[in-house]
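Participant: coords below, sequence missing:
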């Protein structure tokens, strides 16, 4: 159960990017102890290669969110090193953090949209921040909203949208800068299974453009069915790092969705362990 | 484009947080009013103090037995003394006339009782520098070994420099000045604290927005500018209102009064336009700095 099978995928590893180059994100013996003394992470080491799709699973309080927040440099590790694209985060000066975050897309369970701004303004805000010209914002925002399937909701306000639609807006905001790494903290936590599949499909589509994706979720069942690399945490310890078998890296988005829907209905059919 | 974006953000924030913004504006308004009233008052008391200092005089009473030649010698001697600005001869008749004017009952009855003018002739000496008035007295009548004054010339009867009275007046005005200045400083400090608190409230109500801004990689200054601009707008509006109120007060109360009573207009105070510029600048600066500084805490992490 707890063994680490990295290259046991039945379909031979076509994940060419993982081997070569600097890992997009790397944990080296990272320990995080909160001020109260509770240990969130204990000596976690892992590498995420370019273009990978990684699930971070485990029960609530196992340290998933801590991982995400460490990668955003919202928290500092108590011990160990954390690298993003080969860059050590703890030595990064405070004033460089905004530039790090522009290269990270982050999606949260509670969407974190600004309620008094339209969908377009919410998405445009992250372009505004990088000093993009107004014309380029006007061009890019409808494009990205078309990608997430919300081209008709440009001028709607967040409270006029459903949960799934709001999450799509937040994904659009995270991806509009085309960051090399997308972090998702429980992106489907508030959504029903059908909507969740849609969101997962969207995240998968983003992954297919070459973006590395790390998704933290407690929905273990769905993760197992998606057959991507799974990293399982329990009480802050890494207990499984598994390139879950039987997935084809070049699977198209619709194939992916069809398979996912099928498996969600059928049950634990293709379970590797 | 950047600036227009910040301005738009600031205006949106003002619109949405109307209540805290209004509170901040009122605080600025009160501070400006207090400053606008206290600056002229402090200046007026300073002016009065200077006025009193200017009136420090030395009276040299001529000995009753002195001859005309001795009087002339005395006058020349005083004129030659350093730090003397002017010497005025006041005859005993003139002296009595002014004394009667000041205190008619005592002097009229006194002269009647005495049957003659009790006042001696005197020379009124105006010093160049009021603070060194003692040196003049020392020159004309140095102290001897026992500490008594010995007049240098036979014509000198007595020398008085009204030091005691002027000292009292000077210390009283000094105290008034100190008190008003202290009060003004306290009020300004209180206003700064209030402004900082109001801005902190308005930022607290927007911490989610700040959180999202940081999430998408906004630099600290990018987040800060709209708040600073908002502070400037609030400060400017408060300042303009305060200036308006001050103008109304000046036109309706102070100006008619000063026309009728020379007393109020007498001391030199700050020019009104200068005061207006100063107040507006102070308001804008205080609220801009206040909002900029308050944000520091929220921009950590």
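Facilitator: Yes, it's here. Please read all numbers here as calculations on a predicted model, not as lab measurements. Numbering: from 1, shown residues only, chains lettered A, B, ... in the order given.
Participant: residues from chain B in reach of chain A?
Facilitator: The interface of chain B toward chain A, taken as CB under 8 Å from any CB of the partner chain, is made up of B:1-2, B:5, B:12, B:16, B:208-209, B:211-220, B:222, B:301. To be clear about C-beta, it is placed using only N, CA and C from the backbone, and glycine gets the same treatment.
Participant: Any of the residues you listed buried? List them.
Facilitator: The neighbour count (16 or more other CB atoms under 10 Å in any protein chain shown) marks B:5, B:209, B:212-220, B:222 as buried among the residues of chain B next to chain A.
Participant: just the helices in the chain please.
Facilitator: Since no chain was named, I'll use chain A. A:16-19, A:64-71, A:97-102, A:119-129, A:134-147, A:163-175, A:193-208, A:220-226, A:253-266 (DSSP state H).
Participant: other chain: chain B
Facilitator: For chain B, the helices defined by DSSP H cover B:2-16, B:18-54, B:68-80, B:92-102, B:104-114, B:133-140, B:163-204, B:207-215, B:220-249, B:255-260, B:262-265, B:272-299.
Participant: how about those, which one is nearest residue A:166?
Facilitator: With CB to CB as the measure, helix B:207-215 is the member of the helices of chain B nearest residue A:166 (13.2 Å).
Participant: And for the closest residue to residue A:149 other than its chain neighbours, the neighbour number?
Facilitator: Leaving aside its chain neighbours, residue A:149 sits nearest to residue A:168 (6.4 Å; criterion: CB to CB, 6 or more residues apart in numbering or on different chains). Neighbourhood size, residue A:168 [other CB atoms under 10 Å in any protein chain shown]: 25.
Participant: Report the separation between residue A:168 and residue A:192.
Facilitator: Using CB to CB, to the nearest Å, residue A:168 is found at 14 Å from residue A:192.
Participant: Over to residue A:172?
Facilitator: Distance, residue A:172 to residue A:192, by CB to CB: 20 Å.
Participant: higher neighbour count, these two?
Facilitator: Set side by side, residue A:172 and residue A:192 show more neighbours around residue A:172, with 26 against 10, by other CB under 10 Å.
Participant: how about CSV for the helices of chain B, with mean pLDDT and distance to residue A:157 added?
Facilitator: Shown next, in CSV, are these (pLDDT from 0 to 100; distance: least, CB to CB, whole Å):
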stretch, mean pLDDT, distance to residue A:157
helix B:2-16, 83, 13
helix B:18-54, 77, 20
helix B:68-80, 82, 90
helix B:92-102, 80, 82
helix B:104-114, 77, 86
helix B:133-140, 76, 79
helix B:163-204, 73, 22
helix B:207-215, 85, 15
helix B:220-249, 88, 20
helix B:255-260, 72, 54
helix B:262-265, 50, 59
helix B:272-299, 81, 25
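Participant: Any chance of CSV for those, columns distance to residue A:108?
Facilitator: Converted to CSV, those look like this (distance: least, CB to CB, whole Å):
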stretch, distance to residue A:108
helix B:2-16, 23
helix B:18-54, 27
helix B:68-80, 91
helix B:92-102, 87
helix B:104-114, 92
helix B:133-140, 80
helix B:163-204, 21
helix B:207-215, 8
helix B:220-249, 19
helix B:255-260, 63
helix B:262-265, 66
helix B:272-299, 19
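Participant: of all those, which lies closest to residue A:219?
Facilitator: Using CB to CB, the helices of chain B put helix B:207-215 closest to residue A:219, at 23.2 Å.
Participant: that older thread, of the helices of chain A, give the one that comes closest to residue A:31.
Facilitator: Residue A:31 sits nearest to helix A:64-71 of all the helices of chain A, at 10.5 Å, using CB to CB.
Participant: Do that closest one and chain B come into contact?
Facilitator: No: against chain B, helix A:64-71 shows no contacts by CB under 8 Å from any CB, the least distance being 9.9 Å.
Participant: by contact count, what packs against that helix?
Facilitator: strand A:25-33, strand A:39-48, strand A:53-57, strand A:79-84, strand A:181-185, strand A:212-217 (3 or more CB pairs under 8 Å, 6 or more residues apart in numbering or on different chains; DSSP states H and E).
Participant: Out of these, which gets nearest to chain B?
Facilitator: Closest to chain B of the helices and strands packed on helix A:64-71, according to CB to the nearest CB: strand A:181-185, at 10.6 Å.
Participant: quick one, the closest one and helix A:64-71 angle?
Facilitator: For strand A:181-185 against helix A:64-71, the angle by axes from the mean of the first three to the mean of the last three CA atoms, to 10 degrees is 150 degrees.
Participant: So for residue B:198, which of the helices of chain A sits nearest?
Facilitator: Closest approach to residue B:198 among the helices of chain A (CB to CB): helix A:119-129, 25.9 Å.
Participant: Just name whatever secondary elements that closest one is in contact with.
Facilitator: Looks like helix A:119-129 contacts helix A:97-102, helix A:134-147, helix A:163-175, helix B:207-215 (3+ CB pairs under 8 Å, 6+ apart).
Participant: and the gap between residue A:59 and residue B:214?
Facilitator: Distance from residue A:59 to residue B:214, by CB to CB: 29 Å.
Participant: How about residue B:258?
Facilitator: 56 Å.
Participant: who are the neighbours in contact with residue B:58?
Facilitator: B:124-125, B:127, B:133, B:136-137, B:159-162 (CB atoms under 8 Å, 6 or more residues apart in numbering or on different chains).
Participant: Looking at pLDDT only, which of these scores worst?
Facilitator: Checking pLDDT across the contacts of residue B:58, the minimum falls on residue B:162 at 66.
Participant: hmm, back to that, can you add mean neighbour count and mean pLDDT and give the helices and strands packed on helix A:64-71 back as a markdown table?
Facilitator: Output for the helices and strands packed on helix A:64-71, formatted as a markdown table (neighbours: other CB atoms under 10 Å in any protein chain shown; pLDDT from 0 to 100):
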| stretch | mean neighbour count | mean pLDDT |
| --- | --- | --- |
| strand A:25-33 | 20 | 93 |
| strand A:39-48 | 20 | 90 |
| strand A:53-57 | 24 | 91 |
| strand A:79-84 | 18 | 92 |
| strand A:181-185 | 23 | 94 |
| strand A:212-217 | 24 | 93 |
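Participant: In TSV: these, plus distance to residue A:258.
Facilitator: Putting the helices and strands packed on helix A:64-71 into TSV (distance: least, CB to CB, whole Å) gives the following:
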stretch	distance to residue A:258
strand A:25-33	30
strand A:39-48	27
strand A:53-57	17
strand A:79-84	34
strand A:181-185	22
strand A:212-217	20
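Participant: ok, back up a step: which stretch among the helices and strands packed on helix A:119-129 comes nearest residue B:88?
Facilitator: Using CB to CB, the helices and strands packed on helix A:119-129 put helix B:207-215 closest to residue B:88, at 73.7 Å.
Participant: Next one: residue B:128, what pLDDT does it get?
Facilitator: Reported pLDDT for residue B:128: 79.
Participant: For burial, what's the neighbour tally of it?
Facilitator: Residue B:128: 12 neighbours (other CB under 10 Å).
Participant: swap in residue A:37?
Facilitator: With other CB under 10 Å as criterion, residue A:37 counts 6.
Participant: Relative to residue A:78, how far out is it?
Facilitator: Distance from residue A:37 to residue A:78, counting by CB to CB: 11 Å.
Participant: Please report the distance of the residue lying closest to residue B:183 once chain neighbours are set aside from chain A.
Facilitator: Nearest residue to residue B:183 in three dimensions, chain neighbours excluded: residue B:38, at 7.2 Å (CB to CB, 6+ apart). Residue B:38 sits 41 Å away from chain A, going by CB to the nearest CB, to the nearest Å.
Participant: so residue B:38 touches residue B:184, yeah?
Facilitator: Yes: look at residue B:38 against residue B:184 with CB atoms under 8 Å: they come within range, at 4.1 Å.
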